[in-house]
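Novice: what's the 3D shape of this:
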Amino acid sequence: MNKLLVKAILQKAQSFNWSLQGFGMLRLYLSQEVRLHVWDSRYAVPGVSVIHTHPWDFLSQVVAGKVGNILFNESETKGMPFHKQVIQCGPGGGLCGMPTDVLLHPAYEELYIEGQSYTQNAQEIHASRPADGTVTILTRTFREDTEHAAVYWPAGTEWGSAEPRPATPEEVAAITGNALSRWFV
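Specialist: Below is the predicted model:
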């Protein structure tokens, strides 16, 4: 999807049904597989758990802005202590079962800028670090289990949910307005 088309969507943002995910990510479903994301850390839930896996593989295209993506590995001998738990994804989802304790260490971090894309497998543990106002297109490739993923949060702290909810018109205006003023001038 080209930048001019995305700009047109953002300029008419109030015409669409957006949801806001607890990571500070405004999202719009363009199809079952494709979502438009607009990132703004001001709207992240305090204490949200940002290290996670997915129930699907994906391709992420940076339309505007930049995204840091940190990949992590679980280890039995090195890393920082985290809790790990399976979640049911999406609205009405939440934690499943009991948490386990693991050690996580960063494997590497990559930075993607406007025009670049990256792929990720469902089971890869990661944390996205987008600049405010960044706009991405995510194309999902579904696997057999499309509802469950894993979340990680620092040992000794409480889990913070990123469960999506409908975005208010004020949130849509503020987040898309920020993206338009930063990257689409």
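Novice: from here on, contacts and neighbour counts on C-alpha atoms
Specialist: Fine.
Novice: Stretch 153-161 - what's its average pLDDT?
Specialist: Mean pLDDT, computed over stretch 153-161, is 88.
Novice: which parts of the longest strand belonging to the chain are buried?
Specialist: The residue-count maximum for a strand in the chain (DSSP state E) belongs to strand 94-113. In terms of neighbour count (16 or more other CA atoms under 10 Å), strand 94-113 has its buried residues at 94, 95, 102, 103, 104, 112, 113.
Novice: list the contacts for the fourth one?
Specialist: So the one you mean is residue 103. Listed by CA atoms under 8 Å, 6 or more residues apart in numbering, the contact set of residue 103 reads 74, 75, 76, 77, 78, 79, 80, 81, 82.
Novice: So what sits opposite it in the bridge?
Specialist: residue 75, residue 81 (DSSP bridges).
Novice: Distance of it relative to residue 7?
Specialist: For residue 103, the distance to residue 7 equals 42 Å [CA to CA, to the nearest Å].
Novice: and if you look at the last one?
Specialist: Spatial separation of residue 113 from residue 7 under the definition CA to CA is 17 Å.
Novice: Please identify the buried residues of the lengthiest helix in the chain?
Specialist: Looking across the chain with DSSP state H, the single longest helix is helix 169-183. Within helix 169-183, the residues that qualify as buried are 171, 172, 173, 175, 176, 177, 178, 179, 180, 183, counting by 16+ other CA under 10 Å.
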